[in-house]
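Chemist: The sequence isn't on hand, but the structure is:
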Ligand SMILES: [Zn+2]
């Protein structure tokens with residue numbers, strides 16, 4: 001016996017290195033909670049009690065990282081159950097995007113973050129209320145933006161709070177959007193964290209918003225079909241390209257009402273891909289039209305993105321933004337933690353966007369998921385219920 005025997009070998013899959021932006025057909029060996037080797041022909045070195053999983057024709061990548069979701073279940077009307085909605089569909093780490101405010105953070109930390117099997121962090125809503133009930137905009141009373149409270153929660157919880165969130169929808173901020181956005185940017189700068197800004201349903205032209213953002217801030221819902229989006233006709237507007245050149249990030253955040261296939265198709269054709277490929281899953285959309293992150297990815301693949309373009313945007317890019325790369329999320333490297341998602345192409349299905357249109361496309365399905373080397377039980381695509 002010359003080599004270490006492995007617990008598990010994923011053999012013959014197309015393995016992505018999202019940092020290098022490359023892929024190759026090779027094997028991935030796991031021992032305990034670590035990636036032991038990435039090299040061809042490892043199957044023979046599996047331990048006697050170990051297992052070889054044939055991944056031929058499948059996509060092997062780091063465990064997926066969701067940069068925008070809503071998982072404050074039982075408190076917020078938009079909260080979905082994190083492990084069921086994400087982990088069992090291939091996502092091992094995720095950021096809640098503004099469901100939680102400073103006044104509700106303690107409960108989120110205790111009952112959601114600590115209770116979940118997957119790794120959770122968040123963008124803290126700048127309103128102390130957070131997004132509890134979408135019928136009542138959390139910033140309609142501007143006094144609910146209390147910078148000291150948001151800063152205190154961020155300072156006390158560096159393992160969870162990785163940014164702030166403001167929803168600029170007219171029914172959330174009312175006419176005071178500019179001063180609320182400026183105060184939010186100032187508090188994010190104080191904390192040294194990014195601000196995620198929700199567009200779509202906004203009154204103000206996008207260039208006005210973009211002009212205020214800093215490098216590293218995030219524009220959520222870049223492919224929205226609502227007014228004041230990123231396009232003028234078939235082309236992405238110059239101010240959007242300028243903002244990207246300055247380091248402002250764009251998040252696809254499908255959501256119940258903010259992915260238009262027509263906008264995405266034109267933007268992708270014009271070379272404008274999202275920096276972060278996210279689903280904006282919530283209790284309002286996880287049984288359709290969003291379903292989950294892998295279905296959001298399959299939609300953008302059908303509209304022109306390649307797997308080489310898709311994989312980094314749902315692994316290393318969100319991991320870096322959220323500071324989860326330092327824990328080994330978003331990469332698949334020898335010696336790193338064994339967070340692995342294996343995807344396979346599923347039969348063609350009719351998939352809806354958020355603007356009343358649909359396409360026929362091959363879906364992506366999680367075939368095997370490892371978190372810290374442990375095999376996660378996956379669940380079938382939730383859209384299957386609707387076909388019956
Ligand atoms: Zn959202």
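Modeler: Arrived safely, thanks for sending. Small disclaimer: the values here were computed from a predicted structure and weren't measured.

Chemist: What residue in the chain comes nearest to the ion?
Modeler: residue 280 (4.2 Å; C-beta to the ion). For glycine as for every other residue, the C-beta is placed from the backbone atoms N, C-alpha and C.

Chemist: got a pLDDT number for that residue?
Modeler: Note on residue 280: pLDDT of 96.

Chemist: burial count for it?
Modeler: As a burial measure, residue 280 scores 29 neighbours (other C-beta atoms under 10 Å).

Chemist: so what's it up against?
Modeler: If you count contacts by C-beta atoms under 8 Å, 6 or more residues apart in numbering, residue 280 has them with 68, 69, 70, 97, 220, 221, 253, 254, 255, 256, 258, 290.

Chemist: Which ones among the residues you listed map onto strands?
Modeler: 68, 69, 97, 220 (DSSP state E).

Chemist: residues in contact with the last one?
Modeler: Taking C-beta under 8 Å, 6+ apart as the definition of contact, the neighbours of residue 220 are 68, 97, 196, 197, 198, 199, 251, 253, 258, 278, 280.

Chemist: In space, what's closest to residue 66 - neighbours in sequence excluded?
Modeler: Leaving aside its sequence neighbours, residue 66 sits nearest to residue 94 (C-beta to C-beta, 6 or more residues apart in numbering; 3.8 Å).

Chemist: need the helices for the chain, in chain order.
Modeler: 82-85, 105-108, 147-156, 170-173, 177-191, 206-210, 238-246, 261-269, 293-302, 307-313, 316-321, 384-387 (DSSP state H).

Chemist: Within range of the ion, give me the residues from the stretch 51-200 of the chain.
Modeler: residue 97 (C-beta under 5 Å from the ion).

Chemist: again, but for the stretch 201-350 of the chain
Modeler: residue 280.

Chemist: rerun at 8 Å
Modeler: When proximity is defined by C-beta under 8 Å from the ion, the stretch 201-350 of the chain lies next to the ion at 220, 221, 253, 255, 280, 282.

Chemist: Is there a neighbour count for the residue nearest to residue 66? I'd like the number.
Modeler: Around residue 94 there are 31 residues (other C-beta under 10 Å).

Chemist: isn't it right up against residue 80?
Modeler: No: applying C-beta atoms under 8 Å, one finds residue 94 not in contact with residue 80, separated by 10.3 Å.

Chemist: Give me the common contacts of these two.
Modeler: By C-beta under 8 Å, 6+ apart, the residues touching both residue 94 and residue 80 are 69, 71.

Chemist: can you pull the contacts of the residue nearest to residue 66?
Modeler: Contacts of residue 94 by C-beta under 8 Å, 6+ apart are 65, 66, 67, 69, 71, 82, 86, 118, 119, 120, 121.

Chemist: For the fifth one, which non-adjacent residue is spatially closest?
Modeler: In this case it means residue 71. residue 82 is the one closest to residue 71 (C-beta to C-beta, 6+ apart), at 4.1 Å.

Chemist: who's in contact with that neighbour?
Modeler: 69, 71, 73, 94, 112, 116, 118, 120.

Chemist: are any of the residues you listed buried, and which?
Modeler: Among the contacts of residue 82, those classed as buried by 16 or more other C-beta atoms under 10 Å are 69, 71, 73, 94, 112, 116, 118, 120.

Chemist: just checking, the first one touches residue 85?
Modeler: Yes: taking C-beta under 8 Å as the contact criterion, residue 69 and residue 85 are neighbours in contact, 7.5 Å apart.

Chemist: Much appreciated, bye for now.
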